[in-house]
Structure formats: C-alpha cells, structure tokens
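Student: no sequence for this one, just the structure:
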C-alpha cells in the first residue's frame, strides 16, 4: 500500500512516485556519466531535469487545490504539507544529479576526477544508487523500515565524503587545481544528495506514523542544510 | 503594510519578519567572522542558527493550524503555501551563514582565505549585506520593487562567484590545497545565499501580486538548486 492512499490524493501520489523514479534515473545516469564518461547518459540527465521541475509545479498546484476543499481533516493536512516538502526535496535532488552530469559533460572524454579519486567516487555512487532504490520503494510500499534504513545509513556517505577532503587537501597527491575543485564540489553534490534522501525519508516516516524524526536531536547537524 | 496582513496570520507574519532579521544578522556576522577574523561574531552566528531553525518549526506548526480552519479562501492558501516555502528558504540561509562562520572559526586566528581572495570575498559580502537588508525590507514593507531588485541584481553575485573559480584554478597563484578548497566552498555558500534570497523575493512577489516569477524562463538555471 502506498504512502499516500487517500483517493483524493491519488494523482499527487502518482506524481510523487514519478518524481522519485525520475530522480533515481537521474542519480543512476549521473553515475554512469561521471564514472564511465558516458556523455549520452550525461545529456539525458541534463535534459530530464526539466520534467522533474514540471512535476514539482504540478504537485504544488494540486496541493493548493486540495487545501481549498472544505473540511480538511488533520491527517490530510499533514500529508499535504509533507507532500510539498517531498516534492521540493526531489526537485533539488534532480538539480544535484544534473550538476554531476554537467561536470562529466564538461570534461568529456576525460573524467573530471583524477585517477586517485575514482574508487572513492565509485563507492559514493554505489551508495547513492542503493539509496535511490530505497527512496522509490519507501514511497510505493509505505515502508517506514526502508525509510529508517536511509536515515541510519547516511553516516556511511559522510565517512566517504570526508575522504574527498583528505584526498583533495593532500599536497603529496598530484592534482591540477581544477581536479581539486571537482573532487570537492562533486563530492559535495553527492553528499547533499544523501542528505536530501534523509529528508525525504523523514517525511515518509512522518506521513505514515505521525512521528516527526526531524524534531529529534540528530548527530549530523549538516543534514538539513543547503 | 506588511506582506502578510491577514489578522489570523499576524503571528506567522511576525515570525517571518523575525527570521529575516535573524538571517540578516547571521549574514552580517558571517562576513565579520570571515573577513575580519572576528571569532566571537563567528560563534554568535553558530549559536544563533538554532533559533532560526526553531522559528521555521513554529511557522510550519502555525501554517498547519491555519490550514485546518474551515472555509479557506484561495488567497489565504497561496499565502500559507508561500509562507512555508519562505520559512524553508530562510532556514537554509541561516545554515549557509553558519557554514561560513564555522570556516572562520576553524582557521582562527588566520583567515581561511588567501590574501589574493580577500578583496573578491569582501565584494561578495558587501553584496550579501545589501541583499539581506532588502530581504528584511521587502517583507516588512510589502515591497515588490525591492524584491524585484533582488531578483535582477543576483547576476552581479554570479559574476563575482565565477571569479572565485578563476582565482582558485589559476596554477600561477600560490595557494595551499586547503585554501583552494575554502575559496571554492565559501564562494559557493555565498552564491547559494544569493540564490535563496532570489527565491525569497519571488515568493514575496507572488504573495503580493499573484504573479509567480519562478514560472517564467530564467537565464540562470542555477537559481533554484541546492
């Protein structure tokens, strides 16, 4: 059973599912572009972002219409407000994936990353691919366990992200200035993708259970930031 | 007259004004910290961020209560939904200012920036200080002209931001790896602050006039991204 099962909200629920699937494709494609110098995958991610943006606009319009109905129920409001936040989160994830793809396209046929960074970024991409799958599942299956896994596992990405700093700041590892810049920025985009996945997971937990995990103290203060 | 003048929404309007003022303080303080190695200013920004987060939570809670009232009017809904987006934008701006302050504190008493970058970052900070003043004014005075200036002037910050890349990638300008990283990341945080100010300005225009500038094609595709 889906996260949003209210019949009135069926169209919105469908749009959110579509957004999650498109964001997963964008994340997958950004990885192919970045790590395998697949310029067609890069272009597909760049071109596909406009549809994610359009879905967000559609979700906002539909939520405003739903709110205009008389006699809203408390539960419905929580779902509608959470839906707006989910859509905003997915839209930003699409943009982050687009930035990764743009970097890959910019340096094609070379990689933007130095050879020493490939393995680390491959690990981060593997993590993001798993996270993207979980994001689709947690929505379509109303699955708070999967959502909780996303929240708990984010530390692993933070560990990898810190390694991008170790690598880039190591004066003994030869790297052009541009490569230093790309290691840091692309690592940041990936880390932010993970943070947004955690935000999305918290919204799912809230929609399903009424419990708001973002009101609990978190170890990682960086999670909800831009 | 304020942007949100509906009596029922007075408390929310007050909270948004408070958020804008706190964000302005945070931006000003981050600049003092970063450019003048004012570590107390840095700590004040870091400590003050929790209050910006608390205001966002308060705004969300109040908006949900307002939405629960019967017979919502179309205009009220637009204001409530825009308010949620404004509060989210301000919260992220507070976090970005905090990141700037954390960098200043990290390297204190030295600056995180190399000497060659000081002037460029001073220019970006001046721009952000003006923008922060405009943000407070556009809310308290229901001032779409000021909001439109924020939107139009953002290009100036993008020009300066591009110069951080020129500086950091110039192999002939001696800089440690860490300084390269800081020039790029701190420049990015400042650029994102400007982007978020544009988002906030668009919401103000929408609340006041009903016209949604974010649905117009923009030159800068980067504006609404994370």
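Tutor: Right, received. Where do you want to start? What you see is a predicted model; the values in this text were computed from it and never measured.

Student: buried set for the helix or strand containing residue A:156?
Tutor: Using DSSP states H and E, residue A:156 falls within helix A:144-168. Neighbour-count burial for helix A:144-168, with 16 or more other CB atoms under 10 Å in any protein chain shown as criterion, is recorded at A:144, A:146-151, A:153-154, A:157-158, A:160-161, A:163-165, A:167-168. Yep, even glycine has a C-beta here, placed from its N, CA and C like the rest.

Student: just stretch A:15-27 next, same as before
Tutor: A:15, A:16, A:17, A:18, A:19, A:20, A:22, A:23, A:24, A:25, A:26, A:27.

Student: go on, stretch A:122-135?
Tutor: In stretch A:122-135, counting by 16+ other CB under 10 Å, buried: A:124, A:125, A:127, A:128, A:131, A:132, A:134, A:135.

Student: for the record, mean pLDDT for it?
Tutor: Averaging pLDDT along stretch A:122-135 gives 98.

Student: close to chain B, is it?
Tutor: No: judged by CB under 8 Å from any CB of the partner chain, stretch A:122-135 makes no contact with chain B; its nearest approach is 14.3 Å.

Student: ranges for the helices of chain A?
Tutor: Shown for chain A, the helices assigned by DSSP state H span residues A:10-36, A:39-68, A:74-107, A:118-140, A:144-168, A:177-209.

Student: dump those helices to a markdown table, plus distance to residue B:111.
Tutor: As requested, the helices of chain A are exported to a markdown table (distance: least, CB to CB, whole Å):
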| stretch | distance to residue B:111 |
| --- | --- |
| helix A:10-36 | 33 |
| helix A:39-68 | 37 |
| helix A:74-107 | 28 |
| helix A:118-140 | 29 |
| helix A:144-168 | 19 |
| helix A:177-209 | 19 |
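
Student: relative to residue B:187, which of those is closest?
Tutor: Closest to residue B:187 of the helices of chain A, according to CB to CB: helix A:177-209, at 10.4 Å.

Student: any weak-confidence spans in chain A?
Tutor: Counting by pLDDT under 70, chain A has low-confidence residues at A:1-5, A:70-75, A:211, A:214-226.

Student: which residues touch residue A:52?
Tutor: Applying CB atoms under 8 Å, 6 or more residues apart in numbering or on different chains to residue A:52 gives the contacts A:19, A:22, A:23, A:26, A:90, A:91, A:94.

Student: now it. Nearest residue, chain neighbours left out?
Tutor: Excluding the flanking residues, the one nearest residue A:52 by CB to CB, 6 or more residues apart in numbering or on different chains is residue A:94, at 3.6 Å.

Student: buried stuff in stretch A:50-69?
Tutor: For stretch A:50-69, burial by neighbour count (16+ other CB under 10 Å) applies to A:52, A:53, A:55, A:56, A:58, A:59, A:60, A:62, A:63, A:64, A:66, A:67.
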